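coordinates only, sequence not included:
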Ligand SMILES: Nc1nc2c(ncn2[C@@H]2O[C@H](COP(=O)(O)OP(=O)(O)OP(=O)(O)O)[C@@H](O)[C@H]2O)c(=O)[nH]1
Ligand SMILES: [Mg+2]
């Protein structure tokens with residue numbers, strides 16, 4: 001016999017048995033529920049003074065029996081119930097009792113939306129414990145933002161032959177039509193981007209634009225962007241239930257597979273949102289971590305990223321295994337390492353310990369290599385800057401080599417070094433670094449400190465700025481802030497204004513003046529001559545630093 005879910009403690013054996021027996025019942029598929037079953041459930045519910053819920057599949061089988069308390073039932077995690085295509089209904093309808101003669105509640109509608117239930121229905125009970133009225137609602141695919149549901153007038157208990165399957169099929173068809181509008185590239189993750197913020201609109205939009213770039217460079221399609229400005233942010237739920245409901249419906253309509261929050265979700269926010277929806281939820285930090293995980297090349301880089309991912313995940317792990325698998329799935333299933341399904345806290349901790357050991361070994365080795373290189377006494381020039389600024393391109397053009405340069409964020413994760421011989425025969429080592437980004441996740445910051453430690457021994461920093469990016473000023477500030485954090489402000493630097501070919505000529509001169517920079521096109525070697533001269537000059541006259 002399948003077990004009864006929910007609040008069963010304190011029930012008599014006889015009640016438990018009667019609840020368990022409900023699993024044996026069948027509903028004729030066209031009926032919302034049969035009168036007999038409704039009656040038996042209301043009687044029992046009346047007796048135990050607790051709500052009782054049934055999740056019924058489309059064959060009319062009872063998939064879950066749930067006991068609640070006087071006010072509510074809590075639907076168990078059904079994310080593993082059926083591998084549903086995004087934008088489709090769950091294939092389960094929920095019918096439950098209401099002891100206080102009330103219609104569908106806000107919680108009922110939230111569950112309807114979040115769990116993508118076929119139908120949500122509540123049966124009220126007469127004084128004798130018999131079914132009184134049935135309140136039912138379903139998702140309304142074509143509805144507006146404000147009325148995403150259809151709530152039917154109450155049914156009487158002898159009106160239950162409502163053509164249930166047809167109704168569900170009609171909803172599915174409508175959803176499929178909506179989905180078809182967005183289904184151009186299948187197989188990809190489809191993201192709904194959400195920002196919940198107290199920041200002014202302009203700043204929030206800039207941040208969302210960057211989030212979109214990040215998401216795109218993670219190989220994910222963006223189906224819609226939602227900005228919600230608030231006076232204060234709720235530390236427990238981040239966003240109100242009403243808004244969360246809207247999001248769930250929007251995700252359903254657009255066939256989104258994942259919701260990406262522009263804010264970092266604290267563990268309790270992450271838990272409450274994942275608990276309520278059966279969608280994959282990712283925040284900005286996790287997204288960056290996932291991208292880093294995709295890109296890391298060297299052993300050290302890989303270890304660092306996995307360590308950062310696990311550290312971020314640990315406090316967010318929920319005791320329910322299935323929910324964990326949703327959390328650890330990452331974008332496109334690129335969660336940390338091999339630890340996908342039966343991940344649990346203890347195993348995560350073990351892995352963290354092992355990774356930390358492995359990392360310190362790798363670092364020791366790298367330090368030794370570094371000392372060897374330092375002995376040669378060559379000056380080191382490090383190229384730094386916001387992600388996608390053109391750092392790798394500059395290194396390539398300067399040294400005629402071919403470090404991966406790509407139009408996606410975080411193309412470079414592992415530092416690469418090249419030798420460069422200046423016209424006047426000075427030889428230097430020039431290194432490329434991981435791109436900077438605002439709000440760099442703290443764990444990643446710690447993890448990548450090691451990579452950036454190299455910067456401490458740099459004699460000159462080339463701060464590459466993509467002046468064709470509308471947000472370049474904010475990006476400069478972000479980079480400078482991180483440099484301060486890393487205590488690297490004292491190293492002399494050159495501000496390199498890159499991608500001048502994409503900017504109108506008249507705009508360049510004022511920028512050169514205000515930022516005291518040198519404009520170049522990293523792609524075009526002929527534009528680099530003034531930069532090379534300045535670099536050589538600064539390297540050769542350390543006394544003037
Ligand atoms: N038009 C133009 N595009 C450029 C220029 N420099 C770089 N790019 C392009 O900008 C994109 C990013 O260049 P990368 O060199 O990979 O940038 P990066 O700073 O190393 O980026 P990450 O390693 O991801 O932080 C690539 O598509 C380059 O082709 C330039 O001077 N002009
Ligand atoms: Mg790069």
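Everything's here; your move. Everything numeric in this text was worked out from a predicted model, so none of it was measured. Ligands and ions are numbered 1, 2, ... in the order given.

how near is the residue in the stretch 251-400 of the chain positioned nearest to ligand 2 to residue 399?
When scored by CB to the ion, the stretch 251-400 of the chain has residue 392 as its residue closest to ligand 2, at 3.2 Å. Where you see a C-beta, it was placed from the backbone N, CA and C, and this is true even at glycine. In this view, residue 392 and residue 399 are 11 Å apart by CB to CB, to the nearest Å.

likewise residue 345?
Taken as CB to CB, the span from residue 345 to residue 399 is 46 Å.

with residue 485 instead?
29 Å.

which one's more surrounded, those two?
A direct count of neighbours by other CB atoms under 10 Å for residue 485 and residue 399 places residue 399 higher, at 17 against 13.

chain neighbours aside, what residue packs nearest to the more buried one?
Distances taken as CB to CB, 6 or more residues apart in numbering put residue 418 closest to residue 399, at 4.1 Å, once the chain neighbours are dropped.

verify the stated contact: the one you found with residue 427.
No. With contact defined as CB atoms under 8 Å, residue 418 and residue 427 do not form a contacting pair (11.0 Å).

between those two, who's got more neighbours?
residue 418 (16 against 12).

wait, is the more buried one part of a helix?
No. Residue 418 is assigned strand when assessed by DSSP: H, G, I helix; E, B strand; the rest coil, not a helix.

next helix or strand past the strand or helix carrying residue 481?
According to DSSP states H and E, residue 481 maps onto helix 472-485. Next in sequence after helix 472-485, counting helices and strands by DSSP H and E, comes strand 493-498.

what residues of the helix holding residue 481 count as buried?
472, 474-476, 478-479, 482-483 (16 or more other CB atoms under 10 Å).

columns pLDDT on top of those, output as CSV?
Shown next, in CSV, are the buried residues of helix 472-485 (pLDDT from 0 to 100):
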residue, pLDDT
472, 93
474, 88
475, 90
476, 94
478, 87
479, 90
482, 85
483, 88
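
make CSV out of these and add distance to ligand 2.
What follows is the buried residues of helix 472-485, written out as CSV (distance: CB to the ion, whole Å):
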residue, distance to ligand 2
472, 17
474, 20
475, 15
476, 17
478, 16
479, 14
482, 16
483, 18
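
does residue 463 have beta-bridge partners, and which?
residue 384, residue 495 (DSSP bridges).

distance of it from ligand 1?
As judged by CB to the nearest ligand atom, to the nearest Å, residue 463 and ligand 1 stand 11 Å apart.

OK, contacts around that residue?
For residue 463, the contact set (CB atoms under 8 Å, 6 or more residues apart in numbering) comprises 384-385, 476, 479, 493-496.

please, which helix or strand holds the residue nearest the centre of the chain?
By CA atoms, centre = their mean, the chain has its centre lying nearest to residue 282, at 1.6 Å. Taking DSSP H and E as the criterion, residue 282 maps to strand 280-283.

now do that strand: which elements does it pack against?
Contacting strand 280-283 under the criterion 3 or more CB pairs under 8 Å, 6 or more residues apart in numbering; DSSP states H and E are the following elements: strand 258-261, helix 267-276, helix 321-328.

that older thread, the helix holding residue 481 near ligand 1 anywhere?
No. Helix 472-485 does not reach ligand 1 (CB under 6 Å from any ligand atom); its nearest approach is 10.9 Å.

what is that helix packed up against?
Packed against helix 472-485 by the contact rule (3+ CB pairs under 8 Å, 6+ apart) you find strand 380-385, strand 460-466.

would you tell me which of these gets closest to residue 313?
strand 380-385 (28.8 Å; CB to CB).

residues near the residue in the chain that ligand 1 sits nearest to, how many?
Closest contact between the chain and ligand 1, by CB to the nearest ligand atom, is at residue 435 (2.4 Å). By the criterion of other CB under 10 Å, residue 435 has 22 neighbours.

pLDDT at the spatially closest residue to it that is not a sequence neighbour, what is it?
Closest residue to residue 435 apart from its sequence neighbours, by CB to CB, 6+ apart: residue 387 at 2.8 Å. Per-residue confidence (pLDDT) for residue 387: 87.

so residue 387 makes contact with residue 440?
No. The pair residue 387 / residue 440 is not scored as a contact, 10.0 Å apart, by CB under 8 Å.

and the residue nearest to residue 399, how far from residue 397?
Distance from residue 418 to residue 397, by CB to CB: 11 Å.

repeat for residue 306
For residue 306, the distance to residue 397 - CB to CB - is 33 Å.

try residue 383
11 Å.

quick check: residues of the stretch 251-400 of the chain near ligand 2?
391-392 (CB under 5 Å from the ion).

where does the stretch 251-400 of the chain dip in pLDDT?
Scanning the stretch 251-400 of the chain for pLDDT under 70 picks out 276, 278, 318-344, 370-376.

repeat that with 50
For the stretch 251-400 of the chain, the stretches flagged by pLDDT under 50 are 319-342.

and the helices in it, which stretches?
267-276, 284-295, 299-313, 321-328, 345-375, 391-399 (DSSP state H, counting those that start in this stretch).

by mean pLDDT, point me to the weakest helix or strand of this protein.
Every helix and strand in the chain was compared by mean pLDDT, DSSP states H and E; the lowest is helix 321-328, with a mean of 41.

ok, residue 39 - contacts?
When contacts are taken as CB under 8 Å, 6+ apart, residue 39 is in contact with 130-131, 157.

now those residues: which count as buried?
131, 157.

what about the spatially closest residue to residue 487 that is not a sequence neighbour, how many residues nearby?
Spatially, and ignoring its direct neighbours in sequence, residue 487 is nearest to residue 456 (7.9 Å; CB to CB, 6+ apart). By other CB under 10 Å, 13 other residues sit near residue 456.

helix, strand, or coil at residue 456?
Strictly by three-state DSSP, residue 456 counts as helix.

does it touch residue 483 like I think?
No. Using CB under 8 Å, residue 456 is not in contact with residue 483, being 11.3 Å away.

the residue of the stretch 101-250 of the chain found nearest ligand 2: neighbour count?
Among residues of the stretch 101-250 of the chain, the one nearest ligand 2 by CB to the ion turns out to be residue 217. It sits 11.8 Å away. Neighbour count of residue 217, defined by other CB under 10 Å: 20.

that one and residue 290 touch, don't they?
No. Using CB under 8 Å, residue 217 makes no contact with residue 290, being 10.8 Å away.

spit out the contact partners of residue 171.
Contacts of residue 171 by CB under 8 Å, 6+ apart are 89, 118, 138-139, 141.

and the pLDDT at the closest residue in space to residue 201 that isn't next to it in sequence?
Spatially, and ignoring its direct neighbours in sequence, residue 201 is nearest to residue 229 (6.6 Å; CB to CB, 6+ apart). With respect to pLDDT, residue 229 scores 87.

residue 229 touches residue 203, doesn't it?
No. Using CB under 8 Å, residue 229 makes no contact with residue 203, being 10.4 Å away.

on the three-state scheme, the most far-flung residue of the chain relative to its centre is what?
The C-alpha centroid of the chain is most remote from residue 424, which lies 50.3 Å away (CA atoms, centre = their mean). Three-state call for residue 424 (three-state DSSP): coil.
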